[in-house]
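**Student:** heads up, no residue letters with this:
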């Protein structure tokens, strides 16, 4: 059975009251339903979100009572969007680093490959913090090991299109990471399940006045522990993963 292609936009938000109105205003030029998931933001940000929802009728909001992490916000948003009947969700970060001019290309790629996850392949400028830049190399090595594949070009890019049915099923069946390591874990596990990955080159910048909640060494440690956990999950799947190269 095939289902109609019905995309929405999903933005996890935590204290992004400064860049968020500009992002939403840009989306208003060709609006899709947009779900803002407030991950327990401070009152000033919560007030901005309420104001945006009152101004734009295509904007929906979902609030977590306490800050649980980006992964928790995205998981809640995916389940909410799936329950509303959407087929795909375009995840965009709320800190202003993603190029919204590429949005239609992501949506078009998802429509052409409805069973696939469309993943941003970042083209960085000089604004990327060095620690995050070099940490991506370590993450990429682990992702290659844990998938035995080069299909996932950049596991930490938050600009992506999720096929909601497969993602909702995974989220309901597996206790996934709730902070930054979620972006990596869900990709590896979806690959294990056989989902195709389509890469989409996109420019990514880190605005000097942007708000990032990546916590340096702490989040890198959590990501490393997630890689190790995935490695032991990969071992019993080793024959299946190897068989893909000869199928």
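**Tutor:** Done, it's in. Only a predicted model underlies this, so the values are computations on that prediction, with no experimental measurement involved.

**Student:** Where does pLDDT dip in the protein?
**Tutor:** Where the chain drops to pLDDT under 70, the residues are 1-2, 126-135, 207-220, 247.

**Student:** From residue 5, how far out is the residue nearest the centre of it?
**Tutor:** By C-alpha atoms, centre = their mean, the mean C-alpha position of the chain lies nearest to residue 158, the distance being 4.0 Å. Separation of residue 158 from residue 5 (C-beta to C-beta, to the nearest Å): 22 Å. Where C-beta positions appear, they are placed from N, C-alpha and C, glycine not excepted.

**Student:** for residue 168, same thing?
**Tutor:** Using C-beta to C-beta, one gets 16 Å for the distance from residue 168 to residue 5.

**Student:** ok, now residue 66?
**Tutor:** For residue 66, the distance to residue 5 - C-beta to C-beta - is 35 Å.

**Student:** who's more crowded, the two?
**Tutor:** Each of residue 66 and residue 5 has its neighbours counted (other C-beta atoms under 10 Å); residue 5 has more, 13 against 7.

**Student:** ok, back up a step: so who does the residue nearest to the centre of the chain touch?
**Tutor:** Going by C-beta atoms under 8 Å, 6 or more residues apart in numbering, residue 158 touches 70, 91-93, 98, 120, 183.

**Student:** which of these has the most neighbours?
**Tutor:** Ranking those using other C-beta under 10 Å puts residue 70 first, with 27 neighbours.

**Student:** my guess is it contacts residue 39, does it?
**Tutor:** Yes. Residue 70 is within contact range of residue 39, at 7.0 Å (criterion: C-beta atoms under 8 Å).

**Student:** what touches both of these two?
**Tutor:** Here residue 70 and residue 39 share the contacting residues 12, 14, scored by C-beta under 8 Å, 6+ apart.

**Student:** Quick check: residue 44 is in a helix.
**Tutor:** Yes. Counting by DSSP: H, G, I helix; E, B strand; the rest coil, one finds residue 44 located in a helix.

**Student:** measure stretch 108-124 end to end?
**Tutor:** 23 Å (C-alpha to C-alpha, to the nearest Å).

**Student:** Can you give me the neighbour number for the nearest residue to residue 63 once chain neighbours are set aside?
**Tutor:** Closest residue to residue 63 apart from its sequence neighbours, by C-beta to C-beta, 6 or more residues apart in numbering: residue 38 at 4.3 Å. When neighbours are counted by other C-beta under 10 Å, residue 38 registers 25.

**Student:** Was I right to think residue 38 contacts residue 13?
**Tutor:** Yes. Checked against C-beta under 8 Å, the pair residue 38 and residue 13 is within contact range at 5.3 Å.

**Student:** Leaving out the residues flanking it, which one is nearest to residue 19?
**Tutor:** Once flanking residues are discounted, residue 19 sits nearest to residue 96: 3.9 Å by C-beta to C-beta, 6+ apart.

**Student:** Burial check on the residue nearest to residue 20 when sequence neighbours are not counted, number of neighbours?
**Tutor:** For residue 20, ignoring the flanking residues on the chain, the nearest one in space by C-beta to C-beta, 6+ apart is residue 94 at 5.5 Å. For residue 94, the neighbour count with other C-beta under 10 Å is 30.

**Student:** so what's residue 94 up against?
**Tutor:** Here residue 94 is in contact with 11-14, 16, 19-20, 23, 211 (C-beta under 8 Å, 6+ apart).
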